[in-house]
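Novice: Sequence below, structure please.
(one chain, ligands or ions: 1)
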Amino acid sequence: MSETHGGFPDFDESDEYLLALRKELNTPLDTDYFLLDADLPQDAKDARAKMRQYVNAEVLPKINGYWERAEFPYEMLPGLAATGLVGGVIKDHGAAGLSRLAAGLATAELARGDGSVNTFLGVQANLSMGTINMLGSEDQKERWLPGMVKLEKIGAFALTEPRRGSDSAQLETSARREGENWVINGAKRWIGNGSMAHLVIIWARDVADGEVKGFVMEREDPTDPSTMPAGFNARTIDGKIGKRAILQADMVFENLAIPESNRLPGANSFRDTSRVLASTRGGATWESLGHALACFEAAVAYTRVRDQFGQPIGNTQLVQNTLADMLAELSAIQLICYRMAELQESGAWTGTMASIAKMHTANKARTIANQARDLMGGNGLLLDFHVARHLTDMEVVHTYEGTEFIQSLLIGRKITGHSAF
Ligand SMILES: Cc1cc2nc3c(=O)[nH]c(=O)nc-3n(C[C@H](O)[C@H](O)[C@H](O)COP(=O)(O)OP(=O)(O)OC[C@H]3O[C@@H](n4cnc5c(N)ncnc54)[C@H](O)[C@@H]3O)c2cc1C
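Specialist: The predicted structure is shown next:
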């Protein structure tokens, strides 16, 4: 299925063994063992192809440097906007209006290239644009979405707090109405794009009725400290071991004033927040597919060429057993993803299905990344071979969009009728 592995390291051209390895790493693999491509509509093929072209040309050749320096790759944004895929399933306001399958395959393709850029797009398009599209007024959509589609305006989604992670429904940030403004006090943690966003969606509890509401804080120019709204502070979290090329922020609000015109009228309780999260939860599932594909293909290519004890390690029973196990789990992830898209499209997709899909695919993709790293020996630890980056990026996927334990508690509640949390 894949046309190229583009972006693998430029080996020393004089070393024949490394040249053979490079050739193998760039050889297309058929990772579609259940013939899912045969039924793929043209629009989904096109979306995947466009994203693949972007990833191979702009992301893979440069991402490892950004990842190592923990810098956001701003230079990759114009190319991403030019794919025309930003905004995913959102219709109108210049967004792509993709089918669920096309949007999902584009996500998987981007994650196959890199997790940081994919998470940037997920925060921008699914969480931030998705919230405005679902809960904003027509005026607000027209005001913010076109600039966000072009990636001229960057969005952030501020829900998690220092004391409220998995139990974010209990969030403590407060909102108090004062005349035409709302006054926000509290703190947020782990907010993707937080320090570089023009538009920060802040979830806060209205002190008057105790309900969670959504507010959009605007910044003219996030690179210019003089445009920082009074009472708002965002600090990038340093020292992260995964998704290092997207920045998360700690935020503090001290009497931050937000005009009533920036309150999202459709956000009137945490149930509305949950509706946004439910609509975006498939993102981590497609993302897991992308990481798993990248790792499986790299491991196959590597084990075909790497010689030990007088033969390619791929000729050994233990390695073949590991590859077979990886492929079986990868195929299961693919089947879950494609079925998820069908059920989302028909409206039959439920929260329990989303929990099963997220829990299972993230768990298995994490294992596949680990197996690939192992099969690549010491080289599996090097950024140059990409798998190390996918491995640590999968640690993040395992935790966000609901941890594995939390997903299992949601599923357990459905099975037994008893809530254990
Ligand atoms: C890189 C990254 C990006 C993120 N981006 C965003 C973002 O853009 N916006 C945003 O709002 N948030 C974001 N998050 C936050 C993310 O959603 C939370 O990290 C996640 O919900 C888990 O919360 P926590 O880290 O506080 O862990 P905790 O909730 O403290 O959980 C710690 C451990 O305890 C377990 N646990 C918790 N409760 C129970 C229970 N009842 N029973 C059994 N086990 C339990 C968990 O499964 C986990 O293993 C991001 C996080 C990361 C790491």
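Novice: what about stretch 93-105, distance to the chain center?
Specialist: On the basis of C-alpha atoms, centre = their mean, to the nearest Å, stretch 93-105 sits 15 Å off its chain's mean C-alpha point.
Novice: distance between the ends of that stretch?
Specialist: This stretch, stretch 93-105, spans 22 Å end to end (C-alpha to C-alpha, to the nearest Å).
Novice: wait, what's in contact with the residue nearest to residue 241 when sequence neighbours are not counted?
Specialist: Once flanking residues are discounted, residue 241 sits nearest to residue 392: 5.2 Å by C-beta to C-beta, 6 or more residues apart in numbering. (Each C-beta comes from the backbone N, C-alpha and C, glycine too.) Neighbour list for residue 392: 241, 242, 243, 244 [criterion: C-beta atoms under 8 Å, 6 or more residues apart in numbering].
Novice: gap between residue 392 and the ligand?
Specialist: Distance from residue 392 to the ligand, counting by C-beta to the nearest ligand atom, to the nearest Å: 11 Å.
Novice: The protein - how does it break down into domains?
Specialist: 27-149, 155-268, 281-416 (automatic domain parsing).
Novice: Report the distance from the second one to the chain centre.
Specialist: By that I understand domain 155-268. Taking the mean of its C-alpha atoms, domain 155-268 sits 20 Å from the chain's own mean (C-alpha atoms, centre = their mean).
Novice: Let me know the average pLDDT across it.
Specialist: The pLDDT scores in domain 155-268 average 97.
Novice: is the ligand contacted by it?
Specialist: Yes. Judged by C-beta under 6 Å from any ligand atom, domain 155-268 comes into contact with the ligand through 157, 158, 159, 160, 165, 166, 190, 191, 192, 243, 248.
Novice: Same check on stretch 142-154?
Specialist: No. If you take C-beta under 6 Å from any ligand atom as the test, stretch 142-154 misses the ligand, and the best it gets is 12.1 Å.
Novice: Can you list the buried residues in that stretch?
Specialist: Within stretch 142-154, the residues that count as buried by 16 or more other C-beta atoms under 10 Å are 143, 144, 145, 146, 147, 148, 149, 151, 153, 154.
Novice: next one: stretch 166-183
Specialist: In stretch 166-183, counting by 16+ other C-beta under 10 Å, buried: 168, 171, 173, 175, 181, 182, 183.
Novice: ok so, going back, can you tell me which of the residues of domain 155-268 next to the ligand lies closest to residue 291?
Specialist: residue 243 (10.9 Å; C-beta to C-beta).
Novice: is it true that the closest one touches residue 111?
Specialist: No. Between residue 243 and residue 111 there is no contact under C-beta atoms under 8 Å: 10.7 Å.
Novice: For those two, indicate the residue with more neighbours.
Specialist: Between residue 243 and residue 111, counted using other C-beta atoms under 10 Å, the more crowded position is residue 111 (33 against 26).
Novice: Point out where this protein drops to low pLDDT.
Specialist: 1-14, 22-28, 30 (pLDDT under 70).
Novice: Please work out which residue of it is closest to the ligand.
Specialist: residue 165 (1.7 Å; C-beta to the nearest ligand atom).
Novice: what's the burial count for that residue?
Specialist: Residues lying near residue 165 (other C-beta under 10 Å) number 15.
Novice: What of residue 374?
Specialist: For residue 374, the count of nearby residues is 14 (other C-beta under 10 Å).
Novice: got it, and residue 69?
Specialist: By other C-beta under 10 Å, the residues close to residue 69 number 11.
Novice: which of the residues of domain 155-268 next to the ligand are the two that sit furthest away from each other?
Specialist: Pairwise distances across the residues of domain 155-268 next to the ligand (C-beta to C-beta) peak at 18.9 Å, for the pair 166 and 243.
Novice: got the CA coordinates for stretch 211-218 in CSV?
Specialist: Taking Å, rounded to 0.1, in the frame of the first residue of the first chain, the C-alpha atoms of stretch 211-218 are listed here in CSV:
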residue,chain,number,x,y,z
GLU,A,211,-22.6,24.5,35.1
VAL,A,212,-19.5,24.2,32.8
LYS,A,213,-19.5,26.7,30.0
GLY,A,214,-17.1,27.4,27.1
PHE,A,215,-15.3,30.7,26.4
VAL,A,216,-12.9,31.7,23.6
MET,A,217,-10.0,33.9,24.7
GLU,A,218,-8.5,35.8,21.7
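Novice: Sort out for me which of the buried residues of stretch 166-183 are in strands.
Specialist: 175, 181, 182, 183 (DSSP state E).
Novice: ok, and the closest non-adjacent residue to the second one?
Specialist: Meaning residue 181. Closest residue to residue 181 apart from its sequence neighbours, by C-beta to C-beta, 6+ apart: residue 257 at 4.5 Å.
Novice: Tell me if I am right that the one you found is in a strand.
Specialist: Yes. Assigned with DSSP: H, G, I helix; E, B strand; the rest coil, residue 257 falls within a strand.
Novice: Which strand or helix spans the residue nearest to residue 82 when sequence neighbours are not counted?
Specialist: Excluding the flanking residues, the one nearest residue 82 by C-beta to C-beta, 6+ apart is residue 54, at 7.7 Å. When elements are assigned from DSSP states H and E, residue 54 belongs to helix 42-54.
Novice: now for that helix, which elements pack on it?
Specialist: helix 77-82, helix 100-113 (3 or more C-beta pairs under 8 Å, 6 or more residues apart in numbering; DSSP states H and E).
Novice: Pick the most buried one from those helices.
Specialist: helix 100-113 (a mean of 27; mean count of other C-beta atoms under 10 Å).
Novice: Now do the helix or strand following that one: everything it contacts.
Specialist: Moving toward the C-terminus from helix 100-113, the next helix or strand (DSSP H and E) is helix 115-121. Applying C-beta under 8 Å, 6+ apart, the contact partners of helix 115-121 are 59, 63, 66-67, 72-73, 76, 80, 86, 107, 110-111, 192-193, 242-246, 287, 290-291, 389-390, 393-394, 396-397.
Novice: In CSV, list the C-alpha atoms belonging to the helix or strand immediately after helix 115-121 in the chain.
Specialist: For helix 115-121, the following helix or strand on the C-terminal side (DSSP H and E) is helix 130-135. C-alpha atoms of helix 130-135 as CSV (Å, rounded to 0.1, in the frame of the first residue of the first chain):
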residue,chain,number,x,y,z
GLY,A,130,-14.8,21.2,16.3
THR,A,131,-16.0,22.9,19.5
ILE,A,132,-16.6,26.2,17.7
ASN,A,133,-18.4,24.4,14.9
MET,A,134,-20.6,22.4,17.2
LEU,A,135,-21.2,24.9,20.0
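Novice: Is helix 130-135 positioned near the ligand?
Specialist: No. Between helix 130-135 and the ligand, judged by C-beta under 6 Å from any ligand atom, nothing touches; the nearest distance is 11.1 Å.
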